[in-house]
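Novice: show me the folded form of this:
(4 chains)
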4 protein chains.
Amino acid sequence: MAVRVAVAGASGYAGGELLRLLLAHPGVEIGALTGNSNAGESLGALQPHLLPLADRVLEPTTPEVLAGHDVVFLALPHGRSAEVAERLGDRVLVVDMGADFRLADATDWERFYGTPHAGTWPYGLPELPGARAALEGSRRVAVPGCYPTAVTLALFPAYAAGIAEPEAVVVAASGTSGAGKALKPHLLGAEVIGSMSPYGVGGGHRHTPEMAQNLGAVAGEPVTVSFTPTLAPMSRGILATCSAKARPGTTAEDVRAAYRKAYADEPFVHLLPEGRWPATASVQGSNAVQVQVAHDPAAGRVIAVSAIDNLTKGTAGGAVQSMNIALGLPEETGLPTVGLAP
Amino acid sequence: MAVRVAVAGASGYAGGELLRLLLAHPGVEIGALTGNSNAGESLGALQPHLLPLADRVLEPTTPEVLAGHDVVFLALPHGRSAEVAERLGDRVLVVDMGADFRLADATDWERFYGTPHAGTWPYGLPELPGARAALEGSRRVAVPGCYPTAVTLALFPAYAAGIAEPEAVVVAASGTSGAGKALKPHLLGAEVIGSMSPYGVGGGHRHTPEMAQNLGAVAGEPVTVSFTPTLAPMSRGILATCSAKARPGTTAEDVRAAYRKAYADEPFVHLLPEGRWPATASVQGSNAVQVQVAHDPAAGRVIAVSAIDNLTKGTAGGAVQSMNIALGLPEETGLPTVGLAP
Amino acid sequence: MAVRVAVAGASGYAGGELLRLLLAHPGVEIGALTGNSNAGESLGALQPHLLPLADRVLEPTTPEVLAGHDVVFLALPHGRSAEVAERLGDRVLVVDMGADFRLADATDWERFYGTPHAGTWPYGLPELPGARAALEGSRRVAVPGCYPTAVTLALFPAYAAGIAEPEAVVVAASGTSGAGKALKPHLLGAEVIGSMSPYGVGGGHRHTPEMAQNLGAVAGEPVTVSFTPTLAPMSRGILATCSAKARPGTTAEDVRAAYRKAYADEPFVHLLPEGRWPATASVQGSNAVQVQVAHDPAAGRVIAVSAIDNLTKGTAGGAVQSMNIALGLPEETGLPTVGLAP
Amino acid sequence: MAVRVAVAGASGYAGGELLRLLLAHPGVEIGALTGNSNAGESLGALQPHLLPLADRVLEPTTPEVLAGHDVVFLALPHGRSAEVAERLGDRVLVVDMGADFRLADATDWERFYGTPHAGTWPYGLPELPGARAALEGSRRVAVPGCYPTAVTLALFPAYAAGIAEPEAVVVAASGTSGAGKALKPHLLGAEVIGSMSPYGVGGGHRHTPEMAQNLGAVAGEPVTVSFTPTLAPMSRGILATCSAKARPGTTAEDVRAAYRKAYADEPFVHLLPEGRWPATASVQGSNAVQVQVAHDPAAGRVIAVSAIDNLTKGTAGGAVQSMNIALGLPEETGLPTVGLAP
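Specialist: From the prediction side, this is the model:
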C-alpha cells in the first residue's frame, strides 16, 4: 500500500527535485503540496517540468494541510521546521531538508544561523558510520546540507582510517541551483554563464560547522575545515576537492585501502577505478556519488574528490534515501543510480 | 520474464543513453554490447557514468555476438544496418537508431546519404497518425532522426487539420551531443561554449527529406521544408521553431483546436497551457515533448515550437518507446516522463 | 581635445558596455554617470569589472547633472528620453540607446509600447542605405534595437537587390544579457544554463515593427516579419537566422552578388567566405558583424544569417559608431573589430 | 616606427589571442605567421574571428621565415624553442609562450617534461619582485604558465610579508581553452558543458614546480604546493583558490596590509575592496587580474583568490606586457584593462 506524502515548500528547486523523484517512486502517493508566498498558484506555473502535477494548486503551509500524511518533507527557511514537526506528532515521518536539526552544538548553530537551537534529529547521511542504524524506524530525519554531503563522503574514509591530520582544506564548486530560486543580481544567467567566483570565503559559510561535526565524529578528535565554496557556470552539481596532510608513514596503498573499505558495499557511492576522476555530469539527476583519492608525496597530502548532484544526492535524493530506510523500504527504491552524462 | 537485449554501437552518445534507459527498464536484461574500433575496451572507460555496467567489455559487432537476443538495437554508421538485420532473422526485434530505413524515396536517400537505398521499416514515431498500428508486433523499427522527431511533432497537427500551407520554415537549435562523439575542432568545448552558429544551411542537412516525408504524408500533398539547424551551447536538447503560412480564414482557435485534438491522449507529448513555451531543460533526460503553438495574424503564419531531449525522445527514448509497442508492453515502461529542470 | 560624455543609466548592461568602450576611446572624457534607484551607489559595486571607474558615484538622472557635456548617452526605460533631450538643448549630441525615437509609425509605437509617440531621430545603423548621411553632424541619434540590428543587416541586401519576397521569417537566439539586469525567475542562471526557450512568439516582440520598417524602406514596399526570439544559454550574442522566398528566377550567384555589393566597403560587416557561417563567439565583445547567405533551391528561399554581440554592435558599440559619425571622427575610433573567440 | 613582429604557432588559442591583441597594439606591425601541420592554410580558416588577417597564409616555422623581425613570439610545443631562438640571434626579442625557459631546476624540468633542460630566461611576470628589472632591455622572455600566473599573483604577497607557512594548497578552475585545440574526447562540448572535473590530481601537473619556484623565491625558503586543477564549463578564465596556514600571530589586518603593499602601484592587478570577490567574467579578454584575500581565524589560514583570463594575462597578454617592458614601451600599450562582463 502506498505511503501518503506531503511536501511543504514545493515551489523551490529542492521541492521540485523531490517531486520529480517521488513521481517515479513506486511506493508513494503524492498528497498535499504547500507553499508560502505562492500558495494558491498552480504547480504548472511554478514547476513547468512537473507536468503530471501541473494542475495541483499549492496550499498554505499549515498543520491542518499537512495532517493526515504518513510522511511530510519540509523544504522551509531555517527556523521554521521545529514548530511544524511538533504539530504533526510522533507517528508521522518528518524529513527536514532544511538545516534546523543538523548541528549538535548550540553555539555553532547560533553563530552561523542566528536563531535559537532546535536540537538534532537522526542525520540522513546513511553512508556515515552508525547513521543507518539511527535512521531505521526513525520518525525524524535531518537531511544533510549539499556541501556537507559531498565533503563528508570525500573525506570521512581518510579520518576513519586514521591517515589524515585533523585540518582539512576544501574548495568546492557548485551549480547555481544550489543558491535556490531567490532573485539576486549575481545569480542572473548573464552573470554566472562564463564565470567562476567564490563566496563565503574565510570560514563564513553555514555548512562549515556541519562538515567539521561529521569529520570530527569519525576522527574521534576535532577537525577544522577551511571551506571555500565557488559558483560554477552550470545548473547542477558539486565537485568537492578536499585535502589534508597525510599522517606520517601513510602510503598510497593505505589511502586507497581506506576508501575501498569504506565504500565496498555502498549502493550509491562509487570509488572510481584508479586514473579516473569524478565529473559532475556523470552523476547529474541521480543519487550516485563519485569519489576518487590520491596521495601527493611531494606535498605530503591526501587529496579526495567527490562529485554529486546537489539537488539529488545533495538534497532530495538523500531525503528519499533516508525515507526509504526509515520506512523499511529497500534503500534504492525510486532513486536513479546513473547520471545523465553527457 | 525479461526480454534479452543487445546493443550494437554502445560506445557513443546514443548507445550510452539507451543503456541508461535500459538499466531502469523493468522488463529487459542487458546482453551483448558491441563496438567497432573500441571492441575490447571496458564500458567503464568509454561511458564512465554507466557504473553498473563498468566491467562489461565491448565485443565486436558480428552476427554471432548479436545472436541469441530477443531485441537488438543498432547504433551504427549509416549503410550497415541492412546486412546485420538480415543475419539476425525475422524473429528478432531489430530497432535501428540509424537512418537506413527511414526514407521511402530512394532518390532522396541516395542524394542525401550516397549509398544504395535499403528500404523502409515501420517508423518509430508512435504519435504520427497510423504509426502505432504499424509498430505493434513488428520485428523491425526505424527510429526517426532527432530533428525530424522535434519538427514533425511540432508541425504535423497543423497539416492534419489542413490549416497550414505546404511550405514550412524551420530553425532548430541542438545541444552538441547531437553531433556525436566524433573529434572535430568546432565541437571542442572552448568553441561551442558561449556561441551559437548554424550549419548545413540551405537545405543540405540529411534530416530535411525525412521531415518533408512525414509532413507530406499527413498533409496529403508535398510539403517543402526550409530547415536550418544551429548548434547551441548546451549538451542536450532540441528547440524547434517551426512555421508555415496559415490557410486563408484560419483563426487562433482553429490552431489551438488542431493541437488539442492531436495530443489529447498522448502520454509523452504535452501541449502546454496558453502563455507557456517549451524549454529544453524541462524535458532533459526524459521522453517528454513540450509543444506550443501560436497564430501570428500580422504575418499570417502558424508558429509551432517543440522541445525534446535529442538523446532521449530524439533517439534512445523513442527507440525504447517503439520497442515497448512492438513487444506489447505498456508504452511508457522504463521511460522518464519528467525532465531534469533546472 | 577630448569630447566630454555623460551616461544616463550607467548601472545596467548597456551602460556598462558603453563605459567599457568609452574607457578605450581615445577621443572622449567620461563625465557624469547617472542612475535611478541606485543613485548614490558607487560604480564599483554595480559594475565590478569597470575598475578604472570603481570610485565613481552614480548621480540622479536630472538635467542639471547631465548639462555641460558634449555628448549624452541615454540608457533609460522607454518613454523618458524625449523630456531629458529637450532639456539638454540642440547643441548637445544626444544618443538614445532606448526605443523612443526609432519608429516612424505612431500607431505601431503605441500598439507595441503603450505610450505616446515621441517622433523619430536619425537612425543609428550606418550600414543602411542613406543612414550615414543623416547621422553626419546630427545632434540626435536613435540607436537601433539589438535584434533589428542583426536582422536588418542579415536581410536588407536581399531587399535592396530585389531578390526576396516581402515576407520574412526570422528566428533569433540571444544571450541572456539581452534581457537586462531585471530580476526575473526565468533569467536565473539555473534556469537558462542548459536550456533554450522562445518568448514573445506570434508577433508580440517590440522589435518586430522596427525590423519591418527597416526592411520595408529598403524594399520600397511593406515587408511583414514573422519574428521569434529565443533565449540561449550564453551571456552575449545574437544569431539571427532569416529567410524569405526568393523572387522567381533568382540564382545562387544573384544572392551572393547582392551581399557582396552591400558590404564591399563596410568596416564592421564581414560577409564570410563561402562555406563559413557566423558564430557569436567570433564577434564577442567587438563591433563586428558576421553575415553569410545561401540559396535553397528546393525550398525556394534565400537564407541569411548574421551574428553580432548584442551589447556591442547591438547596443553600445552601435551607439559609439554613430557618435563617431555625428562628431566627424573616424567611424572605427575606439571600437574593437575582432571578437574574443574562443 | 612600428616594431615588426612574427608569431610562430599562429593557429592555436595562444597564437590567436596574441594576434587579437597585436592587431590593437599601436606600436607593432604583424609580419610572418607560421604553423606546423597547417602551414599553407589561410588564417581565415583557422582563426575565423581574426578577420583583418583572414587572407594571411601560414608559413612553415623555419629560421628563414622568422628572420628579419624585431620580435618573435613562440607558441610551440615544449622542447623546440631553444633551437629556434639560437638561430634568430641576440638582437631579436624572443618571447617564448611555451615552458622551455621557465624552470631553473633541471631535475624538476626533466621530471615533469622529460626532455633536456634548456636553461632559463628572464621570467615574464613583471609583478614579481625584481622581475621588471630583469625584463627591461632583455632580448629573451619566458612567459609564465597560465596557472602559475594566477597562483603566484594570489599568494606571493603573503610570502613576501612572511605571514604564511611554506605549504600552499591550491585548487584552480580553468576554462577549457586552457587545454588548447587538441582533439581529445573529454574536451568535446557535450562533455564539458554542465560538468566540473579535476585532472592531474596528486602533484602531477607540470605547472606545479613553477609555482613552487616562484613562491619559494619570494619566501626565501622552499614552498610546497599541493595543486589540483579542475576543468570548468567555460571557454576562458582561471579562478585560483589558494591558501596556507597563517604564521602564528597573523591578524586580518596584517593580511590585508601585505596585499595592499604588493599591489599599490600595479597597473593590471586589482586588489578588490573588502567584501568583493574575483569573478573570471570580470577580467575576460583583458590583462586585468582580480585578487582578494581573507583570514580564517578558525582554520588558521590565509585564503587568497585570483581571477585571470588564461589566454590574456595568463598567456598572450602577459607576453605583450613583457614585450612592452623589454622594448621600453609603456607597459599597458595595447592591452585591455577592463574585462567583458557580463
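
Novice: those residues of chain A touching chain C, which are they?
Specialist: A:13, A:175-177, A:179, A:181, A:183-185, A:187-194, A:233-236 (Cβ under 8 Å from any Cβ of the partner chain). (Glycine included, C-beta is placed from N, CA and C.)

Novice: make a PyMOL selection of the buried ones in these.
Specialist: Listed next is the PyMOL selection for buried residues among the residues of chain A next to chain C, using 16 or more other Cβ atoms under 10 Å in any protein chain shown:
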select buried, chain A and resi 13+175+176+177+179+181+187+188+189+190+191+192+193+194+233+234+235+236
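
Novice: stretch A:189-199: how far from the chain's middle?
Specialist: 22 Å (Cα atoms, centre = their mean, to the nearest Å).

Novice: pull the CA atoms of that stretch into PDB?
Specialist: Extracted in PDB, the C-alpha atoms of stretch A:189-199 (Å, rounded to 0.1, in the frame of the first residue of the first chain):
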ATOM      1  CA  GLY A 189      22.200  33.900 -16.200                       C
ATOM      2  CA  ALA A 190      24.200  36.700 -17.800                       C
ATOM      3  CA  GLU A 191      26.400  36.900 -14.600                       C
ATOM      4  CA  VAL A 192      27.100  33.300 -14.000                       C
ATOM      5  CA  ILE A 193      27.500  32.000 -17.500                       C
ATOM      6  CA  GLY A 194      31.200  32.000 -18.400                       C
ATOM      7  CA  SER A 195      32.300  32.900 -14.900                       C
ATOM      8  CA  MET A 196      33.600  31.300 -11.800                       C
ATOM      9  CA  SER A 197      33.700  33.200  -8.400                       C
ATOM     10  CA  PRO A 198      34.000  32.300  -4.800                       C
ATOM     11  CA  TYR A 199      31.700  33.400  -1.900                       C
END
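
Novice: for residue A:189, give me phi and psi.
Specialist: Per-residue torsions, residue A:189: phi -50, psi -40 (degrees, to the nearest 10).

Novice: mind checking pLDDT for it?
Specialist: Looking at residue A:189, its pLDDT stands at 97.

Novice: cool, residue A:275 as well?
Specialist: 89.

Novice: repeat for residue A:51
Specialist: 89.

Novice: measure it to residue A:312 for me?
Specialist: 19 Å (Cβ to Cβ, to the nearest Å).

Novice: who has more neighbours out of the two?
Specialist: The residue with more neighbours, out of residue A:51 and residue A:312, is residue A:312; 32 against 22, by other Cβ atoms under 10 Å in any protein chain shown.

Novice: is it true that the more buried one touches residue A:16?
Specialist: No: the criterion here is Cβ atoms under 8 Å, and residue A:312 misses it with residue A:16 at 11.5 Å.

Novice: tell me where the stretch 101-250 of chain A has strands.
Specialist: A:140-142, A:164-174, A:197-198, A:224-231, A:238-246 (DSSP state E, counting those that start in this stretch).

Novice: tell me what the shortest one is packed against?
Specialist: Right, strand A:197-198. strand A:224-231, strand D:238-246 (3 or more Cβ pairs under 8 Å, 6 or more residues apart in numbering or on different chains; DSSP states H and E).

Novice: how does it look with 7 Å?
Specialist: strand A:224-231 (3 or more Cβ pairs under 7 Å, 6 or more residues apart in numbering or on different chains; DSSP states H and E).

Novice: got the buried residues for stretch A:84-98?
Specialist: So for stretch A:84-98, counting by 16+ other Cβ under 10 Å, buried means A:84, A:85, A:88, A:92, A:93, A:94, A:95, A:96, A:97, A:98.

Novice: would residue A:304 count as being in a helix?
Specialist: No: using DSSP: H, G, I helix; E, B strand; the rest coil, the assignment for residue A:304 is strand, not a helix.
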